[in-house]
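1. my questions are about this predicted structure, shown below with the sequence.
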Amino acid sequence: MQMQTREGIQCPKCKTIMEYSIETEKFTDGTKRIKSFYKCPVCNYKVNDQQISVSKVDGTEKLIIKIEKFF
Ligand SMILES: [Zn+2]
């Protein structure tokens with residue numbers, strides 16, 4: 001369970017306010033995945049926020065966007 005305070009998301013392990021960050025991954029098939037998450041600067045505990053996947057179909061501009069929301 002996550003604790004949400006006025007300052008942000010609190011680490012469930014050590015109660016530190018977690019930092020929000022975004023990570024982008026690119027795969028060989030052209031798929032891009034953008035992940036946003038909260039990370040504890042003290043114990044490195046990670047909580048996922050959302051994940052967006054963008055795929056190209058047969059090299060065309062057809063995009064598949066998949067959004068997963070964790071909060
Ligand atoms: Zn922590």
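-> Good, I have the coordinates. All of these numbers come straight from a predicted model, not from anything done at the bench.

2. so how far is stretch 50-59 off the chain centroid?
-> 15 Å (C-alpha atoms, centre = their mean, to the nearest Å).

3. before we move on, what about stretch 41-57?
-> For stretch 41-57, the distance to the chain centre is 2 Å (C-alpha atoms, centre = their mean).

4. ok, and does it reach over to the ion?
-> Yes: against the ion, stretch 41-57 shows contacts by C-beta under 5 Å from the ion at 42-43, 45. For the C-beta atoms, the positions are set from N, CA and C on the backbone; glycine is no exception.

5. max-length strand in this structure?
-> In the chain, assigned by DSSP state E, the strand with the most residues is strand 46-56.

6. buried residues of that strand, list them for me.
-> 47, 49, 51-53 (16 or more other C-beta atoms under 10 Å).

7. check stretch 22-39 too.
-> Buried, per 16+ other C-beta under 10 Å, within stretch 22-39: 35, 37-39.

8. average pLDDT across that stretch?
-> Averaged across stretch 22-39, the pLDDT comes to 90.

9. give me the contacts around that stretch.
-> The contact list for stretch 22-39 (C-beta atoms under 8 Å, 6 or more residues apart in numbering) reads 8-9, 18-21, 45-56, 59.

10. residues in this protein within reach of the ion, list them.
-> 11, 13-14, 16, 40, 42-43, 45.

11. swap the cut-off to 8 Å and go again
-> By C-beta under 8 Å from the ion, the part of the chain that sits against the ion consists of 11-16, 18, 40-45.

12. are any of those buried, and if so which?
-> Applying 16+ other C-beta under 10 Å to those flags 11, 18, 40 as buried.

13. need the residues of the chain next to the ion in a markdown table with secondary structure and distance to Ile65, can you?
-> Output for the residues of the chain next to the ion, formatted as a markdown table (DSSP: H, G, I helix; E, B strand; the rest coil; distance: C-beta to C-beta, whole Å):
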| residue | secondary structure | distance to Ile65 |
| --- | --- | --- |
| Cys11 | coil | 30 |
| Pro12 | coil | 30 |
| Lys13 | coil | 33 |
| Cys14 | coil | 35 |
| Lys15 | coil | 35 |
| Thr16 | coil | 33 |
| Met18 | coil | 26 |
| Cys40 | coil | 29 |
| Pro41 | coil | 31 |
| Val42 | coil | 34 |
| Cys43 | coil | 33 |
| Asn44 | coil | 29 |
| Tyr45 | coil | 29 |
